[in-house]
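Asks: pasting the sequence and the predicted coordinates here, then a few questions.
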Amino acid sequence: MENIYKNNYKLIITYSIIGILSGFSSFLFIALVNQIISLSISEVMPKEHNYMLFFALIIALFFMTKRLLSEGVIEISQTIFWDIRSYVVKAIIVSPYLKVKNMKDEIYSALTADVANITNASLVIISFTSSVILTISSFIYLWYLSVPLFIISAFIISIGLLGYYFVSKSGNKHFVDVRAIEQKFMHQFDGILSGNKEIKVNREKGEEIFSKGVYPLLKRGKEKNIVAYIGYLNSQLISQVLFYIIVIFILLFVGDFFDVSLGTSISFVFALLFLFSPIVTIMLAIPPLNQGLISYNKLKDLKKKLEYEEFNNSYLNSNNDSPKVFKQVRFENCFYQYLDTSFEVGPFDLTINANEIIFVYGGNGAGKTTFIYMLLNLFTPDKGSIYFKDDEPESSEKVSQLFSPVFSDFYLFDDFYGIKNFDLEKVSSLLKLFELHDKVKIKEGKFSTLDLSAGQRKRLALIVAVLEDRPILVLDEWAADQDPYFRKKFYTEIIHKIVQEENKTIIAITHDDNYYQEADRLFKMDYGKLEEINSENTLQTKNNILT
Ligand SMILES: Nc1ncnc2c1ncn2[C@@H]1O[C@H](COP(=O)(O)OP(=O)(O)OP(=O)(O)O)[C@@H](O)[C@H]1O
């Protein structure tokens with residue numbers, strides 16, 4: 001996050017300087033006009049002068065700086081917009097699974113509201129800084145023109161600005177509330193997209209989600225934003241009125257009272273009218289700057305909560321750390337406990353040897369999925385150690401690189417991401433083995449279609465897992481969606497072929513007790529405890545299960 005600002009910091013500074021130059025050219029224009037008016041009023045206008053040249057130079061400076069500024073503003077806004085998006089996406093890729101899973105709404109809001117707010121604020125900051133500088137230089141000019149008029153004007157303008165400051169503080173509170181509402185809205189929105197089928201089937205469900213869940217949020221968000229913006233607008237209006245009052249005062253009364261010449265009064269009023277524009281720009285910039293700041297803090301907060309390491313080479317290199325030839329991995333005394341439900345899995349010991357077929361069975365909620373999430377380091381074990389062949393413990397991150405999973409709620413990417421040695425012949429033979437060769441081809445390095453039945457898509461997901469250059473396949477109830485014919489083929493033919501021909505190890509969670517005999521080792525998960533059904537009583541247990 002800081003990097004985005006560091007990278008674009010120079011751009012922002014450069015364009016702020018151009019903004020100041022651009023403002024300065026307007027200031028020079030008004031100062032020159034002022035001088036000509038003063039000289040004309042006092043009838044001391046020189047016959048020979050270079051005003052045309054000065055005006056030409058000022059206008060040229062104004063034109064060039066304004067053009068550069070417009071291009072810069074577009075470049076900065078686009079750079080920041082896409083940089084923050086890529087930052088958030090990278091953060092999600094490298095962050096721990098549980099963090100991302102639990103922070104979906106915050107992530108969606110970051111990608112939409114926060115990115116827009118920060119981009120907007122970055123745009124405004126350029127005109128804001130140049131207006132601040134311009135205001136300061138105009139004040140110096142006003143001081144130079146007349147000290148008493150300056151003190152009176154500065155006093156009245158300060159009252160306006162002070163009022164605006166308090167309004168901005170209360171407006172900020174509303175903006176913070178709106179940002180929280182945005183997150184809740186994203187939660188509802190995610191539900192509506194994910195549960196779209198359910199909503200389509202049951203209209204009442206959809207209507208109630210809208211009326212109970214979405215509409216109150218929309219209403220509150222709208223009301224809060226209206227209150228905040230109207231507050232800003234009112235105090236902006238009051239400041240403008242104050243400004244006009246100063247002008248009227250100076251023109252009608254103050255000049256005589258302080259014995260200021262007509263020429264100075266007119267120059268002062270001109271300069272004041274010129275000052276009006278940067279002050280309005282500053283006022284208009286405050287709400288988006290406040291919103292940008294709220295979003296910036298939200299993104300910083302998100303980064304802290306996601307607890308991720310920067311997306312850099314060390315993240316990618318950690319992938320290449322897994323052993324090239326897999327022989328064995330040992331989990332010793334591994335344990336995990338959910339914080340909110342206190343459900344525990346383990347402590348368990350498990351040795352996985354190359355080319356084994358391991359089945360794990362157990363009732364619903366017994367802890368099987370949690371167990372494989374621990375193997376995969378989606379849930380980092382709270383306790384325990386993992387070893388390859390020697391006694392030096394390995395990091396669970398490194399060990400997780402051994403596995404290729406097919407989850408029960410798998411996701412099939414539309415490209416072979418992360419598969420380095422893509423072998424077309426191997427894919428064709430796997431498509432044949434999985435009886436998909438009539439349905440799916442390889443076109444331009446991708447599967448020709450993913451529009452398949454649930455069971456067929458799961459077959460494709462397993463093909464992708466086999467293609468990954470990793471020695472252990474982890475399957476969570478893979479065969480649950482397969483028809484009886486293919487289920488039989490899977491247990492009696494496919495898994496053995498994959499182990500022998502693809503040199504893989506298989507760990508499968510399964511409820512298919514008819515096929516437990518196909519495993520080399522059988523485990524039972526019960527209330528989070530993993531128990532091996534050892535070879536002496538395996539047959540007996542298998543028989544018990546079968547009868
Ligand atoms: N996200 C979660 N947060 C807290 N506790 C959870 C979470 N997911 C699961 N649990 C707890 O962990 C227990 C084990 O869940 P798990 O998904 O591992 O079971 P399972 O054996 O895979 O069940 P099934 O056969 O139904 O898929 C559950 O009974 C539940 O109490």
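Replies: Great, that's in hand. Residues are numbered from 1 along each chain as shown.
Asks: just the helices in the stretch 351-500 of the chain please.
Replies: Secondary structure of the stretch 351-500 of the chain (DSSP state H, counting those that start in this stretch): helices at 368-375, 396-400, 424-433, 454-467, 484-489, 495-501.
Asks: wait, Ser22 touches Ser70, no?
Replies: No. Between Ser22 and Ser70 no contact is recorded; they are 9.9 Å apart, counting by C-beta atoms under 8 Å. Bear in mind the C-beta positions are built from the backbone N, C-alpha and C, glycine included.
Asks: between these two, tell me which one has more neighbours.
Replies: With other C-beta atoms under 10 Å as the criterion, Ser22 and Ser70 differ in neighbour count, and Ser22 comes out ahead with 25 against 12.
Asks: skipping its backbone neighbours, what lies nearest that one in space?
Replies: Beyond its immediate neighbours in the sequence, the residue positioned closest to Ser22 (C-beta to C-beta, 6 or more residues apart in numbering) is Thr65, lying 3.6 Å away.
Asks: got it, and Leu145?
Replies: If the residues on either side of it in the chain are set aside, Leu145 comes closest to Phe268, at 5.0 Å by C-beta to C-beta, 6+ apart.
Asks: any idea which element that neighbour lies in?
Replies: For Phe268, the host element (DSSP states H and E) is helix 262-306.
Asks: tell me which residue in the stretch 101-250 of the chain sits closest to the ligand.
Replies: Lys101 (7.7 Å; C-beta to the nearest ligand atom).
Asks: which neighbouring elements make contact with the helix or strand containing that residue?
Replies: In this structure, Lys101 is located in helix 97-102 according to DSSP H and E. Using 3 or more C-beta pairs under 8 Å, 6 or more residues apart in numbering; DSSP states H and E as the contact definition, the elements that helix 97-102 packs against are helix 262-306.
Asks: what mean pLDDT does the helix it packs on get?
Replies: Regarding helix 262-306, the rounded mean pLDDT is 85.
Asks: Gln401 and Pro471 touch, don't they?
Replies: No. With the criterion set as C-beta under 8 Å, Gln401 and Pro471 do not qualify as a contacting pair; they are 9.9 Å apart.
Asks: more neighbours: which of the two?
Replies: For Gln401 versus Pro471, neighbours defined as other C-beta under 10 Å are more numerous around Pro471 (23 against 18).
Asks: quick one: residues contacting that one.
Replies: When the contact criterion is C-beta atoms under 8 Å, 6 or more residues apart in numbering, the partners of Pro471 are Phe326, Ala354, Leu402, Asn503, Lys504, Thr505.
Asks: also Thr65?
Replies: Taking C-beta under 8 Å, 6+ apart, one finds Ile18, Gly19, Leu21, Ser22, Ser25 in contact with Thr65.
Asks: Ile41: which of those is nearest?
Replies: Distance from Ile41 was checked for each of those by C-beta to C-beta. The minimum falls on Ser25, at 24.8 Å.
Asks: quick one on the thing from earlier: what helices and strands are in contact with the helix holding Phe268?
Replies: Counting contacts by 3+ C-beta pairs under 8 Å, 6+ apart, helix 262-306 is packed against helix 2-41, helix 51-94, helix 97-102, helix 104-109, helix 115-145, helix 147-194, helix 215-249, helix 255-257.
Asks: how does it look with 7 Å?
Replies: With contacts defined as 3 or more C-beta pairs under 7 Å, 6 or more residues apart in numbering; DSSP states H and E, the secondary structure elements packing on helix 262-306 are helix 2-41, helix 115-145, helix 147-194, helix 215-249.
Asks: could I get these as CSV with distance to the ligand and mean pLDDT?
Replies: Compiled in CSV, those are given as follows (distance: least, C-beta to the nearest ligand atom, whole Å; pLDDT from 0 to 100):
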stretch, distance to the ligand, mean pLDDT
helix 2-41, 32, 77
helix 115-145, 29, 84
helix 147-194, 16, 88
helix 215-249, 25, 88
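Asks: so of the ones you listed, which one's packed in deepest?
Replies: The highest mean neighbour count among the helices and strands packed on helix 262-306 belongs to helix 115-145 (a mean of 20), with neighbours defined as mean count of other C-beta atoms under 10 Å.
Asks: contacts only, for the residue nearest to the spatial centre of the chain.
Replies: Centroid check for the chain by C-alpha atoms, centre = their mean gives Val88 as the closest residue, at 3.2 Å. Residues in contact with Val88, defined by C-beta atoms under 7 Å, 6 or more residues apart in numbering, are Ile107, Ala110, Leu111.
Asks: among the residues you listed, which ones are buried?
Replies: Those of the contacts of Val88 that meet the buried threshold are Ile107, Ala110, Leu111, by 16 or more other C-beta atoms under 10 Å.
Asks: comparing the helices of the stretch 351-500 of the chain, which yields the minimum mean pLDDT?
Replies: When mean pLDDT is averaged over each of the helices of the stretch 351-500 of the chain, helix 396-400 scores lowest at a mean of 86.
Asks: can you give me the buried ones in that one?
Replies: The neighbour-count criterion (16+ other C-beta under 10 Å) identifies Ser396, Lys398, Val399, Ser400 as the buried residues of helix 396-400.
Asks: that helix: how far from the chain's middle?
Replies: How far helix 396-400 lies from its chain's middle: 26 Å, per C-alpha atoms, centre = their mean, to the nearest Å.
Asks: which elements pack onto that helix?
Replies: In this structure, helix 396-400 packs against no helix or strand, with contacts taken as 3+ C-beta pairs under 7 Å, 6+ apart.
Asks: is stretch 393-412 anywhere near the ligand?
Replies: No. Contact between stretch 393-412 and the ligand, assessed by C-beta under 6 Å from any ligand atom, is absent, since the two come no nearer than 6.8 Å.
Asks: now do the end-to-end distance for that stretch.
Replies: Distance between the boundary residues of stretch 393-412 (C-alpha to C-alpha, to the nearest Å) amounts to 33 Å.
Asks: just checking, Leu412 touches Arg459?
Replies: No. Under the criterion of C-beta atoms under 7 Å, Leu412 makes no contact with Arg459, lying 10.3 Å away.
Asks: of the two, who's got more company?
Replies: Neighbours per residue (other C-beta under 10 Å) separate Leu412 from Arg459, with Arg459 holding more: 25 against 13.
Asks: how far away is the residue nearest to that one when sequence neighbours are not counted from the ligand?
Replies: Here the nearest residue to Arg459 in space, its sequence neighbours aside, is Phe434; by C-beta to C-beta, 6+ apart that works out to 4.3 Å. Distance of Phe434 to the ligand, computed by C-beta to the nearest ligand atom, to the nearest Å: 24 Å.
Asks: contact residues of the stretch 251-400 of the chain facing the ligand?
Replies: Tyr338, Asp340, Thr341, Phe343, Gly362, Asn364, Gly365, Ala366, Gly367, Lys368, Thr369, Thr370.
Asks: and the furthest pair within these?
Replies: Between any two of those, the greatest separation by C-beta to C-beta is 21.5 Å, found for Asp340 and Gly362.
Asks: ok, the two, which is more surrounded?
Replies: Here Asp340 and Gly362 are compared on neighbour count by other C-beta under 10 Å; more neighbours surround Gly362, at 20 against 6.
Asks: okay, now the domains of this protein?
Replies: 2-311, 319-546 (automatic domain parsing).
Asks: any idea how far the first one is from the middle of the chain?
Replies: On the basis of C-alpha atoms, centre = their mean, domain 2-311 is displaced by 23 Å from the centre of the chain it belongs to.
Asks: and the closest residue to Leu467 other than its chain neighbours, how far is that from Phe434?
Replies: Here the nearest residue to Leu467 in space, its sequence neighbours aside, is Ile419; by C-beta to C-beta, 6+ apart that works out to 5.1 Å. Relative to Phe434, Ile419 is positioned 17 Å away (C-beta to C-beta, to the nearest Å).
Asks: again, but for Leu450
Replies: Here the criterion is C-beta to C-beta. By it, Leu450 lies 14 Å from Phe434.
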